[in-house]
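**Student:** need a structure here:
(2 chains)
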Number of protein chains: 2
Amino acid sequence: MLPSTQVQQRSVQTHRLANGLMLLAEPVATVESAAFTLMTPCGCSSDPADRLGLASMLCDMTLRGAGERDSHALINDLEVLGVERGESVGISQTSFSGATLAENLDDALAIYADILQRPHLPADQLEAARLVCMQEIRGVEDEPAQKLMDELRRRTYPDPWGRASHGNEAGISAATAADVRQLWTTEYRPNDSILGVAGKVDWDRLVEHVESLFGAWKPVAFKPSLEQAQVNTSPHIGFEGNQCHIGIAFPSVPYRDPKYLQAWAAVGVLSGGMSSRLFTEVREKRGLCYSVSASLQTQLNRASVLCYAGTTAERAQETLDVTYSELLRLRQGVEQSELGRLKARIKSGLIMQQESTSSRSSSIARDWYHLGRVRTLDELGRQVDELTAHSINEYLDEHPPSNFTFATLGPQPLTIPTAA
Amino acid sequence: MLPSTQVQQRSVQTHRLANGLMLLAEPVATVESAAFTLMTPCGCSSDPADRLGLASMLCDMTLRGAGERDSHALINDLEVLGVERGESVGISQTSFSGATLAENLDDALAIYADILQRPHLPADQLEAARLVCMQEIRGVEDEPAQKLMDELRRRTYPDPWGRASHGNEAGISAATAADVRQLWTTEYRPNDSILGVAGKVDWDRLVEHVESLFGAWKPVAFKPSLEQAQVNTSPHIGFEGNQCHIGIAFPSVPYRDPKYLQAWAAVGVLSGGMSSRLFTEVREKRGLCYSVSASLQTQLNRASVLCYAGTTAERAQETLDVTYSELLRLRQGVEQSELGRLKARIKSGLIMQQESTSSRSSSIARDWYHLGRVRTLDELGRQVDELTAHSINEYLDEHPPSNFTFATLGPQPLTIPTAA
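**Tutor:** Below is the predicted model:
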């Protein structure tokens, strides 16, 4: 199904620095770009409970000057190198990513070495960073779908695993320059950091360069997050307007579980593509939603399937009921014909991913985080080949969708199913 | 600046069918994918004034069965071919695009030949399509930023050029099966259609295949749209909440203008990147916005710079004033240092585009539409090399930002500058 003429026989090189930083690279000879993804273990799960949003504020602050560059020079120099950059704060990590011409990779990594190890965190820019973070929070108020899904995650996981990375106004208001620096001191560390690179790179030179940039970074002892039970509140958030947003979640297995591919494929049958069950049953046949989807959201040690449907207030109850009944129907298993489509989509997706150095740099870093190793595209292709409806249905027998969590946002509460 | 070792010496092949359909392809030997973009001249500017949204409804309907496939089979077969597809309706065109394994391109194009030439447009699915379109419209109600920018475009251009492709409830409610079929009959036509392909393709075989699929498609006479002056209304839309959305537009030159690159570069100095003026002055220095940006939106014969800023109600007036003053300041020209950054970003962007067959297929189709020819990446690179601050400033002297159009959406109206 994925003949070796299509999936290039690329190898992923790995090298662990003495301080724990893991360097991974997939050299690609046929491109002119190079991309990197640098993850450090400072997610919003590291935020103190009275400083929610602090990791996001720290991430913003790290770009306001580092090493010998002030705020202006740092951003300017990254732009002069043509770096298409992005930062994101997740539950367990802050990721800095960039893509540029291969010849500029070394210089770009040198700037990121400063950002992680020698950020200025200038006190005189704290208020500007606070305003940016505050406005991100207020922006969510304008995005009811995001607000709803934030609430669904909060209800689904024990704290701190259900947090939204933007935090809340109380946390951002209270954060001091000392708080920001303290978080950086303990959570930006080489141990548990991963640097994934893909593109036109010479491995031996890259190892040498990364050793020189990051070799002196001192490890910091890991401090586990303490779990707290969720605070149970009403599943409904009142919101004026004629739209209703519906979220349903149920537990799944994380990325490193041997049955993850089966769990993921079951969600692929449910959502993704216009032949998917949710699209067909909810949107296409009944015209109920303007958007319906489900995705498997995985963390290191836990995972959930998160479903979203957006519709009008008058059709909200029917949308909830039909969506929910599709989740229950998944218990009866999937058909071989549904699997054929899904495999074709995955195969196509793997080839597209192969052709994007940005995608590959983040995929190999993600693989290492979850698995402690990297799968080649070739290996992934073989795993997909071997996927059968039988193995998915076995998984669904062992893990039937159940223990649902609901959240709704709209003008009036809906009737939440009580069975399951 | 763009040495030939980085920009591959690719050539773009062209072939016009007797019926007018223009076939373009950029063969790429080093990839395994192939992507296409098929544009047909049915944009929302073709909607009858009392059927706004009809082109979107037609686009939805074309996928509900075509040729020998019913709705279900059509979508299923595209998914089995692993086609990552998308459709979009713009002002002047409907675009169907897809990317898949190169070996599946022929079969995918055969399905699209049916979609464009032999759609069933089944009357029994009209209500489902109507609901989908209606919910798109209602979804915009939940997206105040989009709603605001829709209104800004409507105020900026004479009708039909400022329309939003989703139309309005009255138009979608009124549309009949006969309306949908009528629009298809006149606006889906080979003359003025463009098929752009990029990836692992054999040009001679592709020409032969496209001739066999599209050669019998009958041309239809072109009927120009009639322009209407805008209806002038208040620039403010009342909207509850604590956010305010601000739009400012001013005229620019279209893609095919010899000074387009200069116009585009001036907007690049204004927006795009964290060293850009809007980001620095509005967001970074004053922490005013959670989002601020400007882009040059071009049509065939007209273009505008559209600026957006989203902020809190209490900071809205200051945000409007500071953003507006940055637009006025652009009249004084740009600095060479700002240009260096911009060129680096463009260079990096060109290399990234080179590595995406989807991007290339749409870029070459877009070039043909606007220019009647296709620029290679190499040529684009040289044009960027030759760009100087002097030439941009010459352009800005001839076309100083002026004749501004404003639109705001939020809890209360703002004071709109009267000068300029």
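**Student:** Please list all residues in contact with A:Q317.
**Tutor:** The contact partners of A:Q317, by C-beta atoms under 8 Å, 6 or more residues apart in numbering or on different chains, come to A:414-415. Any C-beta I mention is one placed from the backbone N, CA and C, and that applies to glycine too.
**Student:** just checking, A:L396 touches A:L330?
**Tutor:** Yes: at 6.4 Å, A:L396 and A:L330 qualify as touching, with contact defined as C-beta atoms under 8 Å.
**Student:** can you list residues touching both of these two?
**Tutor:** Common neighbours of A:L396 and A:L330 (C-beta under 8 Å, 6+ apart) are A:A266.
**Student:** contacting residues around A:K223?
**Tutor:** So A:K223 contacts A:T186 (C-beta under 8 Å, 6+ apart).
**Student:** Let's see that with 10 Å instead.
**Tutor:** A:46, A:186-187 (C-beta atoms under 10 Å, 6 or more residues apart in numbering or on different chains).
**Student:** can you tell me which helix or strand it belongs to?
**Tutor:** Secondary structure from DSSP states H and E places A:K223 outside every helix and strand.
**Student:** and the gap between it and chain B?
**Tutor:** The gap separating A:K223 from chain B is 32 Å, by C-beta to the nearest C-beta, to the nearest Å.
**Student:** Quick one: mean pLDDT for the helix or strand where A:S95 lies?
**Tutor:** Per DSSP H and E: A:S95 is located in strand A:94-101. Strand A:94-101 comes out with an average pLDDT of 96.
**Student:** mean confidence score for the helix or strand just after that strand?
**Tutor:** The helix or strand immediately downstream of strand A:94-101 is helix A:105-117, counting by DSSP H and E. In this model, helix A:105-117 has a mean pLDDT of 98.
**Student:** could you give the angle of helix A:105-117 to strand A:94-101?
**Tutor:** In terms of direction (axes from the mean of the first three to the mean of the last three C-alpha atoms, to 10 degrees), helix A:105-117 departs from strand A:94-101 by 160 degrees.
**Student:** The helix or strand that helix A:105-117 is followed by and chain B, any residue contact?
**Tutor:** Next helix or strand after helix A:105-117 toward the C-terminus (DSSP H and E): helix A:126-141. Yes: Helix A:126-141 comes into contact with chain B (C-beta under 10 Å from any C-beta of the partner chain), by way of A:127-141.
**Student:** and what of stretch A:347-357?
**Tutor:** Yes: Stretch A:347-357 reaches chain B (C-beta under 10 Å from any C-beta) through A:347-352, A:354-357.
**Student:** likewise stretch A:260-267?
**Tutor:** No: Stretch A:260-267 does not reach chain B (C-beta under 10 Å from any C-beta); its nearest approach is 14.1 Å.
**Student:** Just the C-alpha atoms of that stretch, please, in CSV.
**Tutor:** Output in CSV follows, covering the C-alpha atoms of stretch A:260-267 (Å, rounded to 0.1, in the frame of the first residue of the first chain):
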residue,chain,number,x,y,z
TYR,A,260,-3.4,4.1,19.9
LEU,A,261,-3.6,3.6,16.2
GLN,A,262,-6.9,1.7,16.6
ALA,A,263,-8.3,4.4,18.9
TRP,A,264,-7.3,7.0,16.4
ALA,A,265,-8.7,5.2,13.5
ALA,A,266,-12.1,4.8,15.2
VAL,A,267,-12.2,8.6,15.7
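**Student:** Spell out the secondary structure type for A:M149.
**Tutor:** Assigned with DSSP: H, G, I helix; E, B strand; the rest coil, A:M149 falls in the helix class.
**Student:** Burial check on it, number of neighbours?
**Tutor:** 21 (other C-beta atoms under 10 Å in any protein chain shown).
**Student:** quick one, what contacts it?
**Tutor:** A:M149 neighbours (C-beta under 10 Å, 6+ apart): A:143, A:164, A:245, A:247, A:249, A:297, A:306-308, A:407, A:409.
**Student:** try A:V334
**Tutor:** Contacts of A:V334 by C-beta under 10 Å, 6+ apart are A:262, A:265-266, A:268-270, A:277, A:342, A:389-390, A:392-393, A:395-396.
**Student:** hang on, the earlier thing: in ChimeraX, how would I select the buried members of the contacts of A:K223?
**Tutor:** This is how ChimeraX selects the buried members of these, with burial counted by 16 or more other C-beta atoms under 10 Å in any protein chain shown:
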select /A:46,187
